[in-house]
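# how does the following fold in three dimensions:
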Amino acid sequence: MKRLSIIALLFISNSLLSQEPWFAKINNPKTVEFPLQIDSAYMDKLFNQNFEVGAKQLHMDDLLFLCPGYDTLKNSREFFMLKQFVFIDSLISNDLYENYIGNEIDLGMVRASEAFEIDHVKLSNDASVFLWGLYYESYEACPYSSGNYILGTIIHKNKPVSVTVFGGDYSAGDAPYWSEEKTKSRIHGSAIRISKIIGEGDEESEHFSYPQTTEYLLIEGHLIKKAIKR
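Modelled structure (predicted):
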């Protein structure tokens, strides 16, 4: 496991971003009808049984660009899935994935992860959000975890400024215990609302938190907290 961590860090440090701005390859942001709801129905259309990434697949270098402050984000609980993806993508890019799956993966370790483009939406005259998806799952034995996420990179005046989790469906289990966390959002231009609910339990009981909803205003590419409702 220690050797794998060293390999992954080596690949990350040696990866180079494109000489041209990455977002120059993206079409101009499109105008949509607000509010844009990112909820379970929205996510089900993207993460279904016939899901294929195809030409919209993202790779490690893309995420390093789409996640300003990646080195800090990867160590936070909210963005732990980024580290899982970068690890798997680096193995695949260097033809080490099959050996990892066949000889080195163990309980609790990540088994698969992919990321993909979704849409580029105009929020205001000088801001847009580039929406992208990411999923991961661990080895099929306890402890087990998996997650589907909709992330959005806020682009302000042609620069990626911040990244936010707009939708999430995370679950984990280590029998008899289980936990889950769901995130949904409502985007209305520069006014954004994000809601979260957490559940946990075992064979005898279960508990779900009341939804916590936070309202934000988008200012210069950053989400500024306006109010929290429970």
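
# how many neighbouring residues does Pro153 have?
Wrong residue type there; residue 153 is Thr, not Pro. Using other Cβ atoms under 10 Å, the number of residues around Thr153 comes to 23. All C-beta atoms are positioned from the backbone trio N, CA, C, and that covers glycine.

# that one bridge partners, please.
Phe130, Val163 (DSSP bridges).

# any weak-confidence spans in this protein?
1-27, 49-55, 227-230 (pLDDT under 70).

# for it, which segments count as helices?
2-14, 40-46, 60-66, 70-73, 80-93, 97-99 (DSSP state H).

# JSON lines for those, including distance to His222?
Converted to JSON lines, the helices of the chain look like this (distance: least, Cβ to Cβ, whole Å):
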{"stretch": "helix 2-14", "distance to His222": "26"}
{"stretch": "helix 40-46", "distance to His222": "24"}
{"stretch": "helix 60-66", "distance to His222": "16"}
{"stretch": "helix 70-73", "distance to His222": "14"}
{"stretch": "helix 80-93", "distance to His222": "19"}
{"stretch": "helix 97-99", "distance to His222": "36"}
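
# closest to Glu137 out of these?
helix 80-93 (9.2 Å; Cβ to Cβ).

# got the CA coordinates for that closest one in PDB?
What follows is helix 80-93, C-alpha atoms only, in PDB (Å, rounded to 0.1, in the frame of the first residue of the first chain):
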ATOM      1  CA  PHE A  80     -12.100  13.000  -0.700                       C
ATOM      2  CA  MET A  81     -13.400  11.400  -3.900                       C
ATOM      3  CA  LEU A  82     -10.900  13.500  -5.900                       C
ATOM      4  CA  LYS A  83      -8.000  11.600  -4.400                       C
ATOM      5  CA  GLN A  84      -9.700   8.300  -5.200                       C
ATOM      6  CA  PHE A  85     -10.200   9.300  -8.900                       C
ATOM      7  CA  VAL A  86      -6.700  10.600  -9.400                       C
ATOM      8  CA  PHE A  87      -5.200   7.400  -7.900                       C
ATOM      9  CA  ILE A  88      -7.200   5.100 -10.300                       C
ATOM     10  CA  ASP A  89      -6.700   7.400 -13.300                       C
ATOM     11  CA  SER A  90      -2.900   7.500 -12.800                       C
ATOM     12  CA  LEU A  91      -2.800   3.700 -12.600                       C
ATOM     13  CA  ILE A  92      -4.800   3.300 -15.800                       C
ATOM     14  CA  SER A  93      -2.700   6.000 -17.700                       C
END
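
# tell me the buried residues in that helix?
Met81, Leu82, Lys83, Gln84, Phe85, Val86, Phe87, Ile88, Asp89, Ser90, Leu91, Ile92 (16 or more other Cβ atoms under 10 Å).

# okay, the helices of the chain, which one's buried deepest?
With neighbours defined by mean count of other Cβ atoms under 10 Å, none of the helices of the chain is more surrounded on average than helix 80-93, at a mean of 21.

# what residues are bridge-paired with Ile38?
Ser185.

# most remote residue from this protein's center?
Relative to the centre of the chain, the most outlying C-alpha is that of Glu204, 32.0 Å out, by Cα atoms, centre = their mean.

# relative to Ile198, how far out is that one?
Relative to Ile198, Glu204 is positioned 19 Å away (Cβ to Cβ, to the nearest Å).

# then Ser93?
34 Å.

# quick one on the thing from earlier: let me know the distance separating the residue farthest from the centre of the chain from Pro176.
Taking Cβ to Cβ, one finds Glu204 at 8 Å from Pro176.

# what of Ala141?
Relative to Pro176, and taking Cβ to Cβ, Ala141 is found at 15 Å.
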